[in-house]
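Novice: could you work out the structure for the sequence below:
(2 chains)
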Amino acid sequence: MNAHHSVSRRALLTGGLATGFLLAFHLPLRAAVNEPVQPRDATEGKFAPNAFIRIDETGRTVLMMPQVEMGQGTYTSISAVLAEELDADWSKVEVQHAPPNDKLYGNPTFGLQVTGNSNSIRAWWTPLRKAGATARAMLVQAAAAQWGVEPASCTASKGEVAHEASGRKLAYGALALAAQGQTPPKDVVLKDPKDFVIIGQPLKRLDTPDKVNGKAVYGIDAILPGMKFATVAACPVFGGKVGKIDDSAAVKLPGVRKVVVLDDMVAVIGDHMWAAKKGLEALKIEWNEGPNAAITTKDVWDDLRKASQKDGAVAKSDGDITKALASGDKFEAAYELPFLAHASMEPINATVHVKPDSCEIWTGTQIMTRVQSEAAKAAGLPVDKVIVNNHLLGGGFGRKLEPDMVIAAVKIAKQVDYPVKVVWTREEDIQHDVYRPVYRDQITASLVDGKVAGWKYKIAGSAVLARWLPPAFQKGIDIDAIDAAVDAPYDFANFHVEYVRAEPLSVPTGFWRGVGPNNNVFAVECAMDELARKAGKDPIEFRKSMLTKNPRMLAVLNQVAEKSDWGQPLPPRVGRGVCVQPSFASFIATVVEAEIDDIGEIVLRRITSVVDTGIAVNPDTVKAQIEGGLIFGLTAALYGEITIEKGRVQQSNFHDYRMMRINETPKIEVIVVKSGEAPGGIGEAGVNAGPPALRNAILAATGVALRRLPIDRKLLAAGKKA
Amino acid sequence: MHMATVLTINGETKSFDAPPEMPLLWVLRDILGMTGTKFGCGIAQCGACTVHVDGKAVRSCVLPVSAVENRAITTIEHVGSTPAGAKVQKAWLDLEVIQCGYCQSGQIMSAAALLAATPRPDDSDIDAAMAGNICRCGTYVRIREAVKQAANGRQS
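Specialist: Take a look at the predicted model:
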């Protein structure tokens, strides 16, 4: 991919170099006192052929995880990929969080140690298979040397090398030290997927046994000797600063230790969270609210609607769009999506101990190395004096792609000499997020002979990537915001996509599960349903007629039609809606069946989703990600909206920023198609399927074509017409 | 100075200093170091902090410690020693309910209390008992199946 990639490739293939890096970078890693004892990543006395595999003399196989586990099951899937080519004994596999090190653990797509965009398996598929296969080859070489036979006459399986001709066998543990001295082969042969024994099985997850008994340790659970607890209040207006503080009442409260005033945030440190909270409540804070103190949601939308009238940067243009739109039956629509908060169940937190010459952090983050470098800046220390201990994440969803909570915690911890656990209340978590941007997506299309002849799609919204990874923002185009717009699945001969960068007034924006495609898939699939109605065609038949060049998409669409009983009669005010999406290199077709009652309330009845994600490393995880992603997306469609009044977020907790609950959850059937194609991404994908499929079910049930989310029940009461 | 508070947690007596209005959640997590019980919302909206008091599921984030002296408190760390809790934990693993897992301590505590009181719950019993527990990963379909499996002792 780039210079970084060649470094990581070299590290993978040359054991000696990798070992050197590891000894230099890993030894400071240490756990908080309440954590399960984890092995240090010391490589002495172990077979450590690369940054990912550690086998000791007992055969214990520890795999270092370059990607973080936030529920998506990647620890198990990454391990499966490594273990498959290693021919490891799966029952002996253990996982360990990797420390921050872009050279060793940088995601090959981003060149950074980052987990996001549903690409863990896609990015690591080949590098990790090579890492596993190289290690296996070295173990085989070690056994062959010991037996005085050709390596090619030996086989490996379940953590053992065998020489069938002589009936001899040696376990990997017994070979560990000898294998460490072997020269890695220059080229290794990877398995034919038909020979996979671990990949493709519905594997039991490695992280779940400790999640049923309270033993799993998340960042918020770190406990250190002498640690105190802090909670924060940031200026409620974006961009505002702390003005005057009166802490006379707060500091008198029992258990309150210290009030820390930062530029835009106040923290109270106490003996426990309760003392910190009571202390914060007792503070009198005057804020300098700054220039954004009058902004409202209406201002944001007025501004975005105005910006969206401009011509955008052209991201793709095939055929002659002007000519195509000049003929046929014309359709125009604008689709609008609100701000959304992430609301991970684990509220934002970071525990930090700043000493004169070092800074140590315990947290759960999707960006290990960025957290390390940003913490170094905040602490005023060199990067190598900052130790980051990563943890399981209690949900990430993109919020933990940001380092802000760690930077703030470092600034707080700098003012004391003991470790401080900084935990945000849910209210702070929701009111000081980086929000899924507001988007306005305009689609203009023409129909000729019942098919789309011209398709012009303009996206207006925030360029998250321009802030987050500036070099990726080129020629005025945010490749994330338009991802599934340029990658539309249909055969549109005249096809034009534009992007207008429009940063919302004052409100910070960030990646949110489903990322760019969650605006694109919604707009495209809503427009397709409206166009089908205009053409007088069934929504699935209409789509199929334009999927002639997309056999994988067509196949899942055919299957979902069958499995969802598409076309079968339904009671009044019940409808089925479909969504197809080719995002993240996965092909998914989904049907939502919903009832809209007389006052416009929505009852989800049934969801069917057919998924072709290529080789499904762990098919049960693929199913789980779609099930959960659907709920995540439908939660947004049904309830999700962050609104702004007087420059501040109006929502604060789960009573006014609602989540779907079990009683609202319908039967969900997910079918994972067998495929030999390279693995696609899956963590984000389910999120984007639900909203357009539900919206299209509502259109089928009521005739009302909603063009904004969340769903406005007032438009859906009985008797309302589109 | 406060009088020492004495609680019975997982069959053990724990004595500590805490203000009487301090919620049990923070006593467990920040004073006793029992971090299996989770903070999610602080206002009894999400259920992540669910524990058992005399066998009933309660939200510890709004429960003052003064209200639970002389009561039997059970947390996720110990629920596996109850028959219903053990069945629930097993079903949760058999069906791979869990994703991030952060809410699951609370889910398991609610499910265990449900099964202890209602050994054969139907869908509406499950909805009523579990609707107070939010799962942001959206594991509800599997939670429902796992509660049924734990109740029936069979694979669904």
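Novice: shouldn't residue A:301 be within a strand?
Specialist: No: Residue A:301 is assigned helix when assessed by DSSP: H, G, I helix; E, B strand; the rest coil, not a strand.
Novice: do you know how far it is from residue A:492?
Specialist: Computed as Cβ to Cβ, to the nearest Å, the residue A:301 to residue A:492 distance reads 29 Å. Every residue, glycine included, has its C-beta placed from N, CA and C.
Novice: in terms of neighbours, single out the busier of these two.
Specialist: Using other Cβ atoms under 10 Å in any protein chain shown as the criterion, residue A:301 and residue A:492 rank with residue A:492 on top: 21 against 17.
Novice: any stretches of the stretch 451-600 of chain A with poor pLDDT?
Specialist: Judged against pLDDT under 70, the stretch 451-600 of chain A has no low-scoring part.
Novice: tell me the contacts of the residue of the stretch 101-250 of chain A found nearest chain B?
Specialist: Nearest residue of the stretch 101-250 of chain A to chain B (Cβ to the nearest Cβ) works out as residue A:214 at 1.9 Å. By Cβ atoms under 8 Å, 6 or more residues apart in numbering or on different chains, the contact list for residue A:214 reads B:34-37, B:75-77, B:105.
Novice: and what of residue A:505?
Specialist: Applying Cβ under 8 Å, 6+ apart to residue A:505 gives the contacts A:292, A:295, A:299-300, A:303.
Novice: most neighbours among those residues, which one?
Specialist: That'd be residue A:295 among those, by other Cβ under 10 Å, with 22 neighbours.
Novice: got JSON lines for the contacts of residue A:505, with distance to residue A:415 and pLDDT too?
Specialist: JSON lines is the format used below for the contacts of residue A:505 (distance: Cβ to Cβ, whole Å; pLDDT from 0 to 100):
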{"residue": "A:292", "distance to residue A:415": "28", "pLDDT": "98"}
{"residue": "A:295", "distance to residue A:415": "32", "pLDDT": "98"}
{"residue": "A:299", "distance to residue A:415": "37", "pLDDT": "98"}
{"residue": "A:300", "distance to residue A:415": "36", "pLDDT": "98"}
{"residue": "A:303", "distance to residue A:415": "39", "pLDDT": "98"}
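Novice: quick one: the residue nearest the centre of chain B from chain A, how far?
Specialist: Residue closest to the average C-alpha location in chain B (Cα atoms, centre = their mean): residue B:109, at 2.9 Å. As judged by Cβ to the nearest Cβ, to the nearest Å, residue B:109 and chain A stand 10 Å apart.
Novice: setting aside sequence neighbours, what's the nearest residue to that residue?
Specialist: The shortest distance from residue B:109 to any non-neighbouring residue, by Cβ to Cβ, 6 or more residues apart in numbering or on different chains, is to residue B:50 (4.1 Å).
Novice: before we move on, the earlier item: checking my notes, the residue nearest to the centre of chain B in a helix, right?
Specialist: Yes: judged by three-state DSSP, residue B:109 forms part of a helix.
Novice: where does residue A:243 land in three-state SS?
Specialist: Following three-state DSSP, residue A:243 is assigned to strand.
Novice: walk me through the domains of chain B.
Specialist: Domain assignment for chain B by automatic domain parsing gives B:5-74, B:79-152.
Novice: picking that back up, does the residue nearest to the centre of chain B touch residue B:51 like I think?
Specialist: Yes: when contacts are counted by Cβ atoms under 8 Å, residue B:109 is listed as touching residue B:51 (6.1 Å).
Novice: hey, what's in contact with both of those two?
Specialist: B:57, B:74-76.
Novice: neighbour-wise, give me the winner out of those.
Specialist: That'd be residue B:76 among the shared contacts of residue B:109 and residue B:51, by other Cβ under 10 Å, with 30 neighbours.
Novice: quick check: phi and psi at that residue.
Specialist: Per-residue torsions, residue B:76: phi -60, psi -30 (degrees, to the nearest 10).
Novice: and it, how far is that from residue B:112?
Specialist: Taking Cβ to Cβ, one finds residue B:76 at 9 Å from residue B:112.
Novice: Provide a list of residues in contact with residue A:181.
Specialist: residue A:142.
Novice: look through chain B and state the residue closest to chain A.
Specialist: residue B:36 (1.9 Å).
Novice: quick one: low-confidence parts of chain B?
Specialist: Low-confidence segments of chain B (pLDDT under 70): B:1-3, B:154-156.
Novice: quick revisit: tell me the contacts of the residue nearest to the centre of chain B?
Specialist: By Cβ under 8 Å, 6+ apart, the contact set of residue B:109 is B:50-52, B:57, B:74-76, B:79.
Novice: filter the shared contacts of residue B:109 and residue B:51 by proximity to chain A?
Specialist: Subset of those in contact with chain A: B:75-76, counting by Cβ under 8 Å from any Cβ of the partner chain.
Novice: can you give me the strands in chain B?
Specialist: For chain B, applying DSSP state E gives strands covering B:5-9, B:12-16, B:50-53, B:56-59, B:72-74.
Novice: what's the most buried one of those strands?
Specialist: Across these, averaging neighbours per residue (mean count of other Cβ atoms under 10 Å in any protein chain shown) puts strand B:50-53 on top, at a mean of 26.
Novice: give the partner strands of it in its sheet and their orientations.
Specialist: Next to strand B:50-53 in the sheet, as set by DSSP bridges, lie strand B:56-59 (antiparallel), strand B:72-74 (antiparallel).
Novice: using a markdown table, lay out these together with distance to residue A:321.
Specialist: Output for the strands paired with strand B:50-53, formatted as a markdown table (distance: least, Cβ to Cβ, whole Å):
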| stretch | distance to residue A:321 |
| --- | --- |
| strand B:56-59 | 56 |
| strand B:72-74 | 66 |
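Novice: go through the ones you listed and name the closest to residue A:635.
Specialist: With Cβ to Cβ, the closest approach to residue A:635 among those belongs to strand B:56-59: 21.0 Å.
Novice: how far away from the center of its chain is the closest one?
Specialist: For strand B:56-59, the gap between its own C-alpha mean and the chain's C-alpha mean amounts to 7 Å (Cα atoms, centre = their mean, to the nearest Å).
Novice: and the residue with the largest distance to the centre of chain A, its phi and psi?
Specialist: Distance to the chain centre peaks in chain A at residue A:166, reaching 49.9 Å (criterion: Cα atoms, centre = their mean). Here is the backbone geometry of residue A:166 (degrees, to the nearest 10): phi -110, psi 0.
Novice: need the phi and psi values for the closest residue to residue A:518 other than its chain neighbours.
Specialist: Using Cβ to Cβ, 6+ apart and skipping the chain neighbours, the partner closest in space to residue A:518 is residue A:688 (4.9 Å). Residue A:688 adopts backbone torsions of phi -80, psi -10, taken as degrees, to the nearest 10.
Novice: check contacts around residue A:688.
Specialist: A:484, A:514, A:517-518, A:521-522, A:579, A:581, A:583, A:629, A:633.
Novice: I'd like to know which of these is nearest to chain B.
Specialist: residue A:629 (7.1 Å).
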